[in-house]
Each structure stands twice: as structure tokens, then as C-alpha cells.
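[1] Dropping the sequence and predicted coords here.
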Amino acid sequence: MRETIDATVRTARAIVATVQRADVTFLAASVAYYAFISLIPSLLLLVSVASLLVGDAFAAVVLAESRQFLTPAGQDAVAAAIASAEGRTGATVLGVAVLVWSTLKVFRGLDTAFQAVYGIEDDPSLLEELSDAASVAAGIGTGILVMFALGALIATAGGGRLAGLGPFAGVAGLLVLPVVLAIVFVPMYYILPNRPMTLREALPGAVLAAVGWTLLQGGFQVYAAGAGQYQVYGVIGGVLLLVTWLYLAAMIVIVGAVANAVLADRQLQGDPGPATDMGDREDTDARAGDEEETPRGAPDVAALSEEVAELRADFETFEDDVERRTVDRPRIETELKAYVRRRMRRGHARGWGPYLVLLYGTVLTLGAFYFLKGIYAIAAMVILGLSTLGLYTLFVIVGIGFNALEAPGRAMEYVRDRGEE
């Protein structure tokens, strides 16, 4: 029992971590947006088809059952759109066009969400996406139709067997609905992951989504029952609540995919894999080799002495080589300090020259423009420029001269260093 509880807690933590990693909230928001766009056309199409095929009575029942998902203002808008034959035809044509576009967007968002959850980076082809969308749309569409039809049957069963249940008819519908939704959700969790799946792997997510949708429907029914009393924001409030419902529904669907991915990963981690006899064979060979080794008697002292002598000779040779390669530390420190001092003196001599020339030219130019005006100032600027260039040239010549004087010393140092090597 304790192990079961611990495993459940670990699985729940893994699901939460995956939800955060895959950014499920953002993916659910995109799916909910397109689902909201497709919901009204879907309802218009459903009611129009029901009116044409079955009759206005069944369409009225279906429209009445839409109070679970629409506010009174939304029901009035739908009823006005299908009140006449022209309205039904226009609603049907417009509903089909918008429904196809928004449905493809919904399942494209679901496909992207499932790929993010399962960590799949390869994008499927357009044909595969259309095939997956058609299959999943059929399943989800069936689920929505079942939700409406089940509510309509419960509402119109006044003279049937369900009427005998009385107030428990709604409870019976809520108990049957998760089973039906789980069945229609299985194709989505089986097809969309774009990886080899089994029905057993797809079932947990379908069950979770079915139970979540059923709870959401129950909560929405509770709201719809009191919506007429608390219409503070009117139609806008109903729209916001509907979008919230779709957002939570999309999140439940994606969390179901997360649960399937986590459970599949747990099974892979817990599966030790096919047993191989490679390790056993190696252990058997090692034991056999150990058993074949037999004592050879006392060691030969003379042979051991020769081996020790060879090792000592090798060690001495190695020690001599290390001493030959190791430099004398005091001597190298002295040479390094002398080299650094030479470089510092040379750097100061070369480094301050340009700054002195720049200071000279700047001071004289400012003085010339302060004390002289007109053509005299321009002439003074030209003369200062030439004099500054000349002074810099003088510094360069002096530097070259010092380098030439240091050339013999450098040559001697180079020869001495090569001789030591």
C-alpha cells in the first residue's frame, strides 16, 4: 500500500513537471481559441441538420440542451439565426466553412501539443496531419454529439424508462458520459502522439480526459442554472465563462497526453529489458580461467634479482633524463628578471614618445589660436603640424638608433642561448 502511494505521488510530480516543461497552459490557450471559434458554427450546423432531417421538435430539444454550454443571450442569437429557412441555409453554409477551418486549427494545435509533450521534434507531413485531424475530429465530434444527444434523450424521456428515474436521470447521464467519452477519446491519444502506441498506453489519458470533461460539464450546468439570476456582465460574461470552459477542457486533454507519456516512460524505466547471457558468459570464462590456473611452485630468486636490477637501471636512466631536462631555477629567475627590466625600459621609452609629441602639438596649437588670428593662425597651424611631424620623426629615428645599439647584445644572447640548448 505504501509503495502504491509513493508511486502515485512520484507519477503526479512527474506529470506536473512535464506540464511545466511543455508549457501546457499556452498550448491549451491556443487550442481553446480555435475551439471557441468552431463551437458556434458547430452548434448552428447541428441544429440546422437536425431541423432538416428530424424536424423542428428535435432541433428545439437540442437547442434547449445547449443551455449547458451557452448563456441565454447566446441561445437567443442561435435561435434567431435558424428561425427561418434562409437563416438555416446561411448558417449551414457558413457553419461548414468556419467549422472545417477552425477544426483543422484545433487539431493542429493538439498535434503540436502532443509533440511537445512526447518530445518529438520531427514535424509530420501535411497528408499525415490531415489524416490525423480527420480521425481525431471524427472521435471528438462523436463525443460532442453524444453529449448533446444524451442530454436530449434524458430531457425527452418523459414517457420512457428514464422517466422512472426521476431526479436521478441527470446523475445516470453523468455516470454514463465518462464511459462514452473515454471510448471516443481513445483514437486521439492513439493517433496524435506520432509514435508507436498501444491501446493500453492510450487508455489512461482518455479516461482522465473523460472524467475531467464530465466534471466540467457538471460545473457548467450548475452555472447555467443560475446564470439568469447573476447576469452582471451579460453576454460578455457568458463568453468569458465559455472560453474558460474550453481552456480548461483543452488543458485536461493535454494533461491526459502528459499522463500517458509519463506512464509510458515509467514502464520503460521499470522494464529491465531482455536478458542476455553475455555477462554470464564472461563471468563463466573468468571463473574457468581462474580454475585452470594452478600453482607453479616457489619463485626463482635469481630471476627476480635480475628483474629488480633491470628496474633499478631503468629508474636511474629516467632520473638522469629528468635532471638533464630540468633547468637551474636561480639562473632562470635571474635571466627572467633581466629580460623583464629590459622590456620595461624599452616600453617606457617607446610609450611616452607619442604622448610627448601630442602634448607639444596641442599646447602650441592652442597658444597659436589664442594669440593669433586670421592667416597668421592658419600659418601657425601648418608650421606646428610640420614641426610635430618632424618631432615625431626625430623620436622614431632615436628609437631606431637605440635598437641598433642593442643589436650586438641581442645577437650575443641568442648565440649563448643556442649554445646552452
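    Good, I have the coordinates.
[2] switch to C-alpha atoms for all contacts and neighbour counts from now on
    Will do.
[3] tell me the phi and psi of Ile120?
    phi -90, psi 120 (degrees, to the nearest 10).
[4] scratch that, Asn194
    phi 60, psi 40.
[5] burial measure for it, as a count.
    Counted with other Cα atoms under 10 Å, the neighbours of Asn194 add up to 19.
[6] Distance-wise, check Leu248 relative to Ala209.
    Plainly put, Leu248 is 11 Å away from Ala209 if you go by Cα to Cα, to the nearest Å.
[7] Looking at these two, which has the bigger crowd around it?
    Neighbour count, other Cα under 10 Å: between Leu248 and Ala209, Ala209 has more, with 26 against 19.
[8] tell me the SS of the more buried one?
    Three-state assignment for Ala209 (DSSP: H, G, I helix; E, B strand; the rest coil): helix.
[9] shouldn't it be in contact with Val253?
    Yes - counting by Cα atoms under 8 Å, Ala209 touches Val253, with 5.2 Å between them.
[10] average pLDDT across the helix or strand encompassing Gln20?
    Per DSSP states H and E, Gln20 falls inside helix 2-21. For helix 2-21, the mean per-residue pLDDT is 84.
[11] ditto for stretch 217-231
    Per-residue scores along stretch 217-231 average to 66.
[12] swap in stretch 244-253?
    Averaged across stretch 244-253, pLDDT comes to 87.
[13] next one: stretch 370-382
    73.
[14] so where's the stretch 101-250 of the chain shaky on pLDDT?
    For the stretch 101-250 of the chain, applying pLDDT under 70 flags the ranges 122-124, 139-174, 223-238.
[15] hmm, try it at 50
    158-159, 230 (pLDDT under 50).
[16] how about the helices in the stretch 201-350 of the chain?
    Under the criterion DSSP state H, counting those that start in this stretch, the stretch 201-350 of the chain contains helices at 234-270, 278-292, 301-325, 329-371.
[17] Which of those helices comes out lowest on mean pLDDT?
    Least confident of these, judged by mean pLDDT, is helix 278-292 with a mean of 48.
[18] Export stretch 372-384 to CSV, keeping only CA atoms.
    Output in CSV follows, covering the C-alpha atoms of stretch 372-384 (Å, rounded to 0.1, in the frame of the first residue of the first chain):
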residue,chain,number,x,y,z
LEU,A,372,47.0,84.8,-33.4
LYS,A,373,44.1,85.4,-35.7
GLY,A,374,43.3,85.1,-39.4
ILE,A,375,46.0,84.0,-41.8
TYR,A,376,48.6,84.0,-39.1
ALA,A,377,46.7,81.4,-37.1
ILE,A,378,46.4,79.2,-40.2
ALA,A,379,50.2,79.6,-41.0
ALA,A,380,51.0,78.8,-37.3
MET,A,381,48.8,75.7,-37.6
VAL,A,382,50.7,74.5,-40.7
ILE,A,383,54.1,75.2,-39.1
LEU,A,384,53.1,73.4,-35.9
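[19] what's next to that stretch, contact-wise?
    Applying Cα atoms under 8 Å, 6 or more residues apart in numbering, the external contacts of stretch 372-384 come out as Gly361, Leu364, Thr365, Ala368, Phe369.
[20] May I ask which of those residues has the most neighbours?
    Gly361 (20 neighbours).
[21] Next one: it relative to Leu127, how far apart?
    Distance from Gly361 to Leu127, by Cα to Cα: 78 Å.
[22] same question, Thr18
    Counting by Cα to Cα - Thr18 and Leu127 are separated by 29 Å.
[23] Over to Glu310?
    Between Glu310 and Leu127 the computed distance is 77 Å (Cα to Cα).
[24] What of Gly218?
    Separation of Gly218 from Leu127 (Cα to Cα): 38 Å.
[25] which one of these two has more residues nearby?
    Gly218 (16 against 9).
[26] And that one, how close does it get to Leu181?
    Using Cα to Cα, Gly218 is found at 14 Å from Leu181.
[27] now do Leu405
    Applying Cα to Cα to Leu405 and Leu181 gives a distance of 98 Å.
[28] Among the two, which residue is more densely surrounded?
    Leu181 (25 against 11).
[29] hang on, isn't the more buried one packed against Leu208?
    No - using Cα under 8 Å, Leu181 makes no contact with Leu208, being 10.0 Å away.
[30] What residues sit buried inside the helix holding Gln20?
    Neighbour-count burial for helix 2-21, counted by 16 or more other Cα atoms under 10 Å, picks out Thr11, Ala14, Ile15, Thr18, Val19.
[31] ok, now stretch 370-378?
    Using 16+ other Cα under 10 Å as the test for burial, stretch 370-378 gives Ala377.
[32] what's the burial count for Asn403?
    Look at Asn403: counted by other Cα under 10 Å, it has 13 neighbours.
[33] ok, now which ones touch Lys105?
    Lys105 neighbours (Cα under 8 Å, 6+ apart): Val31, Tyr34.
[34] Quick check: it vs Tyr34, distance?
    As judged by Cα to Cα, Lys105 and Tyr34 stand 6 Å apart.
[35] mind giving me the domain split of the protein?
    Domain segmentation of the chain under automatic domain parsing yields 2-270, 329-420.
[36] give me the element Ala116 is part of.
    In this assignment (DSSP H and E), Ala116 forms part of helix 85-118.
[37] Relative to Asp265, how far out is the closest residue to Ala133 other than its chain neighbours?
    Distances taken as Cα to Cα, 6 or more residues apart in numbering place Phe107 nearest to Ala133, at 5.6 Å, with adjacent residues excluded. Remark: distance between Phe107 and Asp265 (Cα to Cα) = 24 Å.
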